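Undergrad: Starting from these lines, generate the structure:
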Amino acid sequence: MSTFDPDALECLAAIVEEGGFERAAQRLSITQSAVSQRLRALEAQVGTVLIVRSRPLKPTSAGRLLLKHTKQMRLLRADLERDLKELAPSSTGGAREEERVSIAINADSIATWALPALNELARQGLPMEIIADDQDFTQEWLREGQVLGCVTTLRQALRGCKVVPLGAMRYVAVARADYARERFPEGFGPHAFRDVPFIAFNRKDDMQSEFVAKCFGLKRVALNQLFVPSSEGQVRAVLAGWGVSVVPELLARGLLAQGDLVNVAPSCSLPIQLYWHCWNLESEVLDALTAALTQAAAAQLAAP
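TA: Below is the predicted model:
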């Protein structure tokens with residue numbers, strides 16, 4: 001089997017992660033011409049194109065395989081760094097960019113239970129990169145080899161990966177108290193929602209329509225939606241009187257208790273099952289991430 005140049009592999013990863021040759025060159029502190037030369041040399045060694053020169057740049061199937069290999073090498077180095085710190089605690093030093101450990105987590109989990117779960121690892125100096133995406137799409141980052149683990153709604157494990165059930169996040173429909181009284185004087189019924197703006201995360205987010213469909217037993221739902229690409233931002237938009245939003249109960253709990261928000265459909269809730277997927281590798285770093293996320297999920301989410 002060919003031995004690949006680590007610098008060329010990190011060059012490939014930098015191009016994909018930074019989204020272009022110029023930014024990759026800046027990150028690696030080399031010229032853009034050197035970036036192109038390293039990529040061409042790697043493509044010549046593999047015998048195929050590794051990057052689709054599109055907007056945005058995308059790795060080919062072969063490029064994704066090498067990207068996954070590069071991430072695995074980073075994980076091995078992170079394990080080594082962790083072991084060395086235990087043997088020689090004084091041997092500190094900032095992690096290089098190429099040592100960064102990437103995971104994909106859905107925005108609602110980031111806004112509620114996932115960040116506190118990672119506090120201790122961050123304090124220990126684990127160089128993490130958290131990529132946010134919709135919970136139905138975070139697995140694509142793992143499939144493409146760009147992260148070593150993800151929190152997702154998808155249950156089926158990818159080849160070479162393992163899956164751990166985390167629990168269910170409960171979603172509720174909320175509005176500002178005075179807004180709800182004005183717009184739903186007779187309650188949030190099957191016809192009341194049709195002309196009310198719903199605040200969704202983005203165009204990939206089907207949480208709002210899924211909730212309404214389940215609540216009222218409908219097969220198809222067409223909603224008037226506004227888009228705010230932030231879990232906390234959705235709540236702020238509701239507080240500002242923009243409309244209704246289906247959000248994690250964990251995120252709205254305090255505001256509901258204070259009376260700033262009201263649950264407009266208290267008889268309805270939508271539990272969304274979450275799973276942690278990661279590469280099936282022997283790694284102390286990976287084990288630590290898995291333990292931290294599963295323990296926090298067990299404390300904050302409904303039992304899987």
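Undergrad: what are the ranges of the helices in the stretch 151-300 of the chain?
TA: 177-183, 207-216, 231-239, 249-258, 284-300 (DSSP state H, counting those that start in this stretch).
Undergrad: okay, those in JSON lines with distance to Gly167 next?
TA: Quick note: C-beta positions are derived from backbone N, CA and C, even for glycine. As requested, these are exported to JSON lines (distance: least, Cβ to Cβ, whole Å):
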{"stretch": "helix 177-183", "distance to Gly167": "29"}
{"stretch": "helix 207-216", "distance to Gly167": "17"}
{"stretch": "helix 231-239", "distance to Gly167": "18"}
{"stretch": "helix 249-258", "distance to Gly167": "11"}
{"stretch": "helix 284-300", "distance to Gly167": "5"}
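Undergrad: Among those helices, which comes closest to Asn106?
TA: When the helices of the stretch 151-300 of the chain are compared by Cβ to Cβ, helix 231-239 sits nearest Asn106, at 8.9 Å.
Undergrad: Make JSON lines out of the helices of the stretch 151-300 of the chain and add mean pLDDT.
TA: Shown next, in JSON lines, are the helices of the stretch 151-300 of the chain (pLDDT from 0 to 100):
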{"stretch": "helix 177-183", "mean pLDDT": "92"}
{"stretch": "helix 207-216", "mean pLDDT": "92"}
{"stretch": "helix 231-239", "mean pLDDT": "97"}
{"stretch": "helix 249-258", "mean pLDDT": "97"}
{"stretch": "helix 284-300", "mean pLDDT": "95"}
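Undergrad: So which of the ones you listed is nearest Gly149?
TA: Taking the helices of the stretch 151-300 of the chain one by one with Cβ to Cβ, helix 284-300 is closest: 6.2 Å.
Undergrad: what are the C-alpha coordinates of that closest one, in CSV please?
TA: Presented in CSV, the C-alpha positions along helix 284-300 are these (Å, rounded to 0.1, in the frame of the first residue of the first chain):
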residue,chain,number,x,y,z
GLU,A,284,-9.3,7.3,24.3
VAL,A,285,-10.4,10.7,22.8
LEU,A,286,-13.4,9.1,21.1
ASP,A,287,-14.3,7.1,24.2
ALA,A,288,-14.1,10.3,26.3
LEU,A,289,-16.4,12.2,23.8
THR,A,290,-18.9,9.3,23.8
ALA,A,291,-19.0,9.1,27.6
ALA,A,292,-19.4,12.8,28.0
LEU,A,293,-22.3,13.1,25.6
THR,A,294,-24.1,9.9,26.7
GLN,A,295,-23.9,10.9,30.4
ALA,A,296,-25.2,14.4,29.7
ALA,A,297,-28.0,13.1,27.5
ALA,A,298,-29.0,10.6,30.2
ALA,A,299,-29.5,13.6,32.6
GLN,A,300,-31.3,15.9,30.2
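Undergrad: Could you name the helices and strands sitting against that helix?
TA: Applying 3 or more Cβ pairs under 8 Å, 6 or more residues apart in numbering; DSSP states H and E, we find helix 284-300 packed against helix 61-87, strand 101-106, helix 115-117, helix 119-123, strand 149-152, strand 161-176, strand 270-279.
Undergrad: Highest mean neighbour count out of these?
TA: strand 149-152 (a mean of 26; mean count of other Cβ atoms under 10 Å).
Undergrad: in its sheet, what does it sit against?
TA: Each strand paired with strand 149-152, and its direction, by DSSP bridges: strand 101-106 (parallel), strand 270-279 (antiparallel).
Undergrad: Tell me which residue is most central in the protein.
TA: The residue lying closest to the centre of the chain (Cα atoms, centre = their mean) is Ile105, at 2.4 Å.
Undergrad: Identify the residue spatially nearest to Val52, adjacent ones excluded.
TA: The spatial neighbour of Val52 that comes closest, neighbours along the chain excluded (Cβ to Cβ, 6 or more residues apart in numbering), is Lys58 at 4.6 Å.
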